[in-house]
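**Student:** coords please:
(one chain, ligands or ions: 1)
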Amino acid sequence: MAIKSDIKNIKLATEGKKRIEWAERSMPVLRLIRERFTKDKPLRGLNIAACLHVTTETANLMRTLKAGGANAVLCASNPLSTQDDNAAALVKHYGIPVYAIHGENNKTYYQHINQALDFKPHITMDDGCDLVSTMHQSRKELIDGVLAGTEETTTGVIRLKAMSADGALRFPVIAVNDSKTKHFFDNRYGTGQSTIDGILRATNMLIAGSTVVVAGYGWCGRGLAWRIKGLGARVIITEVDPVKAIEAAMDGFMVMPMAKAASQADLFVTLTGNLNVLRLEHFKKMKDGAIVANSGHFNAEIDIPALEKVSSSKKELRPNVVEYKLKGRRICLLAEGRLINLSAAEGHPAMVMDMSFANQALAAEFVAKNHKKLERKVYVLPEKIDKGIARIKLRSMEISIDRLTPEQKKYLASWEMGT
Ligand code: ADE
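**Tutor:** Below is the predicted model:
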């Protein structure tokens, strides 16, 4: 039977399969889970609708869910992050329905989300909360069929917590992002490296000696700041959180408001999860040739409508580089302000997505086993699962660590012993 899908071109499948297999080599934790899922089928009979970046790493997660007995369907969580060959391989070689085309417009993006929802999911798997939000706004009839959802990213968790605070959230969701083996590694080392990868593929600029503004010093901003400093950039951090700002200063970065930083940098990267972090007042101060990019989830961090409004013309200089002409100056916007690491490069490497997607697979299993006990709230996976992933990852890296002695365990559990 033909697999339902809406993808660019099924003929790309051979190339996509090769790339999925390449990613799989660096995903040993997910591989172990898949082997167990193949035997135990913990997701038997469950429909899982996933709205994730359609990358080779995601393909390996989808294979794992299917191996666990789920009927899994995939749609894109961003119009520019879909890898069309990978989508084709998922359909042709792995029998997984996919609704995603690189460069799709907003209308098609939401049409694909709705097509994934047509599978009547028992579990939703989101990266940014678009699936859950769409269901709660326009596909309410499906809500009662959902056991729980999972959420991959900080932005999505923030939206879900807002829904929960509003009393609007109608089923439980596991914040996979909040597992330690997710955000400490994916958000920090994954975003740090892949953001630079995207900027370099788009521009081929030299980082050494350049001045870079990193907006936001959360885990993603920290990751980028450290990595780009390592390549020789002078790094300025902008923040709104006073604690994070102290941390950035004590980590050795310059910290200042964007209004001051705007005139100083060659490259600006936003990773805040907030709106209009770079706006007209900042564009007006930027140097000729300044490059602006976003690595936050949504394309809302750079006020592109304002940039369009004040520029006399724009032209594409290279793929993913559009130059805007302002009075006597030029500003280059990368990848339409969409997340640069997935739009201009391949996203985080498989080695780090291994832990993120191990969390996703185990969150689906956790929902299958525990949904009856869960309320309409945002949950974190139990620490035992998080630590279990860390132990397997360590083993795959051939790193062994110490264990507490009985004496040390007793000491930690006691309060009587002091000086
Ligand atoms: N988010 C960031 N990098 C990713 C990747 N490689 N695959 C899926 N989601 C991602």
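**Student:** got the residues of the stretch 151-300 of the chain near the ligand?
**Tutor:** Proximity of the stretch 151-300 of the chain to the ligand (CB under 6 Å from any ligand atom) is limited to residues Gly190. Bear in mind the C-beta positions are built from the backbone N, C-alpha and C, glycine included.
**Student:** now do the stretch 301-419 of the chain
**Tutor:** 342, 347-348, 353.
**Student:** out of those, list just those in helices.
**Tutor:** Among those, the members falling in helices (DSSP state H) are 342, 353.
**Student:** reformat the residues of the stretch 301-419 of the chain next to the ligand as CSV; add pLDDT and neighbour count.
**Tutor:** What follows is those, written out as CSV (pLDDT from 0 to 100; neighbours: other CB atoms under 10 Å):
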residue, pLDDT, neighbour count
Leu342, 96, 25
Gly347, 97, 26
His348, 98, 26
Met353, 98, 28
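**Student:** distance to Ile123 for the residues of the stretch 301-419 of the chain next to the ligand - can I get that in TSV?
**Tutor:** What follows is these, written out as TSV (distance: CB to CB, whole Å):
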residue	distance to Ile123
Leu342	23
Gly347	23
His348	23
Met353	19
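**Student:** what residues are up against the residue in the stretch 251-400 of the chain that the ligand sits nearest to?
**Tutor:** Closest approach between the stretch 251-400 of the chain and the ligand, counting by CB to the nearest ligand atom: Gly347, at 2.8 Å. Counting by CB atoms under 8 Å, 6 or more residues apart in numbering, Gly347 touches 53, 55, 57, 81, 190, 194, 341, 353.
**Student:** where's the dip in pLDDT among those residues?
**Tutor:** Within the contacts of Gly347, Ser81 has the lowest pLDDT, namely 94.
**Student:** state the distance from that residue to Pro257.
**Tutor:** 31 Å (CB to CB, to the nearest Å).
**Student:** who has more neighbours, these two?
**Tutor:** Ser81 (24 against 11; other CB atoms under 10 Å).
**Student:** could you double-check that that one lies in contact with Ser343?
**Tutor:** Yes. Under the criterion of CB atoms under 8 Å, Ser81 is in contact with Ser343, at a separation of 6.4 Å.
**Student:** and the helices in the stretch 251-400 of the chain?
**Tutor:** Listed in chain order, the helices of the stretch 251-400 of the chain (DSSP state H, counting those that start in this stretch) span 258-261, 280-283, 304-310, 340-343, 350-370, 383-396.
**Student:** run through the stretch 251-400 of the chain and note the low-pLDDT ranges.
**Tutor:** Along the stretch 251-400 of the chain, the model assigns pLDDT under 70 to no residue.
**Student:** mind doing that once more with 90?
**Tutor:** 327-328 (pLDDT under 90).
**Student:** pLDDT weak spots in the stretch 1-150 of the chain?
**Tutor:** 1-3.
**Student:** so which residue is dead centre in this protein?
**Tutor:** Thr153 (5.3 Å; CA atoms, centre = their mean).
**Student:** list the contacts for that one?
**Tutor:** Residues near Thr153 by CB under 8 Å, 6+ apart: 127-128, 177, 297.
**Student:** what does Ser295 give?
**Tutor:** 191, 195, 198, 220, 224, 269-271, 339-341.
**Student:** TSV for the residues you listed, including neighbour count and distance to Trp22?
**Tutor:** As requested, the contacts of Ser295 are exported to TSV (neighbours: other CB atoms under 10 Å; distance: CB to CB, whole Å):
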residue	neighbour count	distance to Trp22
Thr191	27	21
Thr195	29	21
Gly198	25	19
Cys220	28	25
Leu224	29	25
Val269	29	28
Thr270	26	31
Leu271	31	27
Leu339	28	22
Ile340	28	22
Asn341	29	18
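**Student:** next step: the residues you listed restricted to strands.
**Tutor:** If you go by DSSP state E, the contacts of Ser295 have 269-270 in strands.
**Student:** closest to Lys17 among the contacts of Ser295?
**Tutor:** Closest to Lys17 out of the contacts of Ser295 is Asn341 (23.4 Å), distances taken as CB to CB.
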